[in-house]
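>>> A structural model of the following input is requested.
(one chain, ligands or ions: 1)
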Amino acid sequence: MTGIKRALVIGGGIAGPVTALALRKAGIETTVYEAHPSAADGLGAMLTVAPNGLDALRIVGADQAVAAVSHPVPGVVMADGAGNVLTEFAGFPELPATRAMARADLFRALAGHAVAEGVRIEYGRRLVAATDTGDEVTAHFADGGTATGDVLIGADGIRSTVRSLIDPGAPGPAYGGVLSFGGPAVGSDVQTRPGMMHFAFGKAFLGYWTTPDGRVIWFGSLPRQEPMSAAEVREVPAADWLARLRELYAGHVPGQALLEHTDPGEMYVVGPMEYMPDVPHWHRGRMVLVGDSAHAPSSTSGQGASITAESAIELARCLRDLPDVTSAFTAYEGLRRPRVAAITGDAAAKNKAKAGRTEIEPGQSAGRPAFPTPEQMFAPVHRHHIDWDQTVVP
Ligand SMILES: Cc1cc2nc3c(=O)[nH]c(=O)nc-3n(C[C@H](O)[C@H](O)[C@H](O)COP(=O)(O)OP(=O)(O)OC[C@H]3O[C@@H](n4cnc5c(N)ncnc54)[C@H](O)[C@@H]3O)c2cc1C
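Modelled structure (predicted):
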């Protein structure tokens, strides 16, 4: 036992509530401080939580709360840009099915579950500075207030303030070379298979599936060399972006049909696809990072939320089992770095292909050696399991 009794968690997205729940389970009193005035402010788009993420959430009893706001999409169909199926995979039957949901619903579900379990979440508390005396750490908020604890955990996302407090020279988010969009397509004759996420490659990439209310939701990207901020992307009318997407996806099956049946008013203008380059320092003194602040993969991975949940659980196990804060943070980093590096590295390679539009062209075979089967691709990621009851050793 590190002997720590009070943890301050900065950020109430995914990492924040899950870390707080896991710390509570480990007997450590935790308060979450979230900058926004409520859960899930200003979030668009959909995301998926994979079997490994659900497995981690199950440890803190949050899997059911997530199930209540999501629907299962266990399988994957991969096709070229002409509609030819390359390969398909129904998912691993012994694992929980990947679930899709609105990002905002996931945030609300996790925060709601945490509060129901007794976690305190304070909204409208933006961290601006921290003082680490060696014996304790004090968070300073924009409203002039402070809070003191034994550790301060930066669950404050890809633009983390805690990351800069740990290391003023830490890198910021990097641009993945594409702008992300999505939305519902209504009235197209595009067919989907129940429970399957379809990935259509070709000169451009598009993913799509059908939600329980019968809408086909697509997500795709527009290569762009010059980075734009999310605010700059949103200043451009959605209809203009849709026109450019229609141009790019002309002739793409089923991209052309889906985009023709998308209403610009309903489109998700998500913004630049970003990821975190390697963060050299995950902790210093009594401060540590968890989730996107330490390891945000690009959304190509479909793993950001899932590996965030894994890291939250592992951090709590380390703080539960190791004799002091430094050895706990060191063990946590050692447990997590190789895993997240494998996932973020793989996503970066796929992303490069998206930005350069060098994905699979019509007629290319799924069986060629460079193109692993979905089982090979997903097994090491989806089968990851954390044993909460196992004691962490340094
Ligand atoms: C468009 C999009 C699609 C995605 N799709 C997927 C997907 O399909 N599958 C998947 O697994 N992942 C996906 N992701 C990634 C996933 O959303 C993130 O990996 C995940 O949200 C990370 O959780 P987090 O808690 O670390 O950070 P966040 O969810 O970003 O939460 C950070 C929180 O900290 C708060 N905060 C920030 N600064 C401060 C401060 N100074 N003081 C107090 N609070 C602060 C923020 O307001 C926020 O609530 C997607 C991401 C995007 C943007």
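>>> And the residue nearest to residue 132 when sequence neighbours are not counted, what's its pLDDT?
Distance criterion Cβ to Cβ, 6 or more residues apart in numbering; nearest residue to residue 132, sequence neighbours excluded, is residue 285 at 4.3 Å. (C-beta placed from N, C-alpha, C; glycine too.) Here the pLDDT value assigned to residue 285 is 98.
>>> With residue 360 instead?
41.
>>> Strands of the stretch 151-300 of the chain, residue ranges please.
If DSSP state E, counting those that start in this stretch is used as the criterion, the strands of the stretch 151-300 of the chain fall at 151-154, 174-185, 196-200, 206-210, 216-223, 268-275, 283-284, 287-289.
>>> how much distance is there from the second one to the middle of the chain?
Spelled out, that is strand 174-185. From the chain centre to the centre of strand 174-185 is a distance of 14 Å (Cα atoms, centre = their mean, to the nearest Å).
>>> any idea which helix or strand carries residue 338?
Residue 338 belongs to helix 325-356 when assigned by DSSP states H and E.
>>> need the next SSE after that helix, C-terminal direction.
Next element after helix 325-356 (DSSP H and E): helix 374-382.
>>> Over to the most centrally placed residue in the chain: give its phi and psi.
The centroid of the chain falls nearest to residue 304 when counting by Cα atoms, centre = their mean (2.4 Å). Here the main-chain torsion angles of residue 304 (degrees, to the nearest 10) amount to phi -50, psi -50.
>>> can you pull the contacts of it?
Counting by Cβ atoms under 8 Å, 6 or more residues apart in numbering, residue 304 makes contact with 47, 292, 296-297.
>>> Does residue 259 touch residue 244 like I think?
No. With contact defined as Cβ atoms under 8 Å, residue 259 does not count as touching residue 244 (10.1 Å).
>>> higher neighbour count, these two?
Neighbour totals were compared for residue 259 and residue 244, and residue 259 leads with 25 against 14 (other Cβ atoms under 10 Å).
>>> ok, that one to the ligand distance?
18 Å (Cβ to the nearest ligand atom, to the nearest Å).
>>> In terms of pLDDT, where does that residue sit?
In this model, residue 259 carries a pLDDT of 97.
>>> What residues does it make contact with?
Contacts for residue 259 (Cβ under 8 Å, 6+ apart) come out as 185, 218, 242, 245-246, 249.
>>> and these as JSON lines, adding neighbour count and pLDDT?
Shown next, in JSON lines, are the contacts of residue 259 (neighbours: other Cβ atoms under 10 Å; pLDDT from 0 to 100):
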{"residue": "185", "neighbour count": "21", "pLDDT": "96"}
{"residue": "218", "neighbour count": "27", "pLDDT": "97"}
{"residue": "242", "neighbour count": "20", "pLDDT": "98"}
{"residue": "245", "neighbour count": "25", "pLDDT": "97"}
{"residue": "246", "neighbour count": "16", "pLDDT": "97"}
{"residue": "249", "neighbour count": "26", "pLDDT": "96"}
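>>> hmm, back to that, and the least confident of the contacts of residue 304?
residue 47 (92).
>>> Can you tell me the closest non-neighbouring residue to it?
Closest to residue 47 by Cβ to Cβ, 6+ apart is residue 103, at 5.1 Å.
>>> Just give me the neighbour total for that neighbour.
Using other Cβ under 10 Å: residue 103 sits among 18 other residues.
>>> And the contacts of residue 259, which is closest to residue 51?
Using Cβ to Cβ, residue 218 comes nearest to residue 51 of the contacts of residue 259, at 23.3 Å.
>>> and the stretch 101-250 of the chain, which of its residues are near the ligand?
Residues of the stretch 101-250 of the chain found near the ligand (Cβ under 6 Å from any ligand atom) are 103, 126-127, 155-157, 161, 180.
>>> Would you format the residues you listed as CSV with pLDDT included?
Shown next, in CSV, are these (pLDDT from 0 to 100):
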residue, pLDDT
103, 91
126, 98
127, 98
155, 98
156, 98
157, 97
161, 98
180, 95
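>>> which among those end up buried?
Buried members of those, counted by 16 or more other Cβ atoms under 10 Å: 103, 127, 155-157, 161, 180.
>>> could those go into CSV alongside distance to residue 148?
Formatted as CSV, those follow (distance: Cβ to Cβ, whole Å):
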residue, distance to residue 148
103, 32
127, 13
155, 18
156, 18
157, 23
161, 17
180, 40
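>>> Give me the nearest residue to the closest residue to the ligand within the stretch 51-200 of the chain, chain neighbours excluded.
Closest contact between the stretch 51-200 of the chain and the ligand, by Cβ to the nearest ligand atom, is at residue 157 (2.9 Å). The shortest distance from residue 157 to any non-neighbouring residue, by Cβ to Cβ, 6+ apart, is to residue 292 (4.8 Å).
>>> neighbours around that neighbour, how many?
29.
>>> Quick check: it touching residue 15?
Yes. Assessed by Cβ under 8 Å, residue 292 is found in contact with residue 15 at 7.1 Å.
>>> shared neighbours, the two?
Counting by Cβ under 8 Å, 6+ apart, the residues touching both residue 292 and residue 15 are residue 308.
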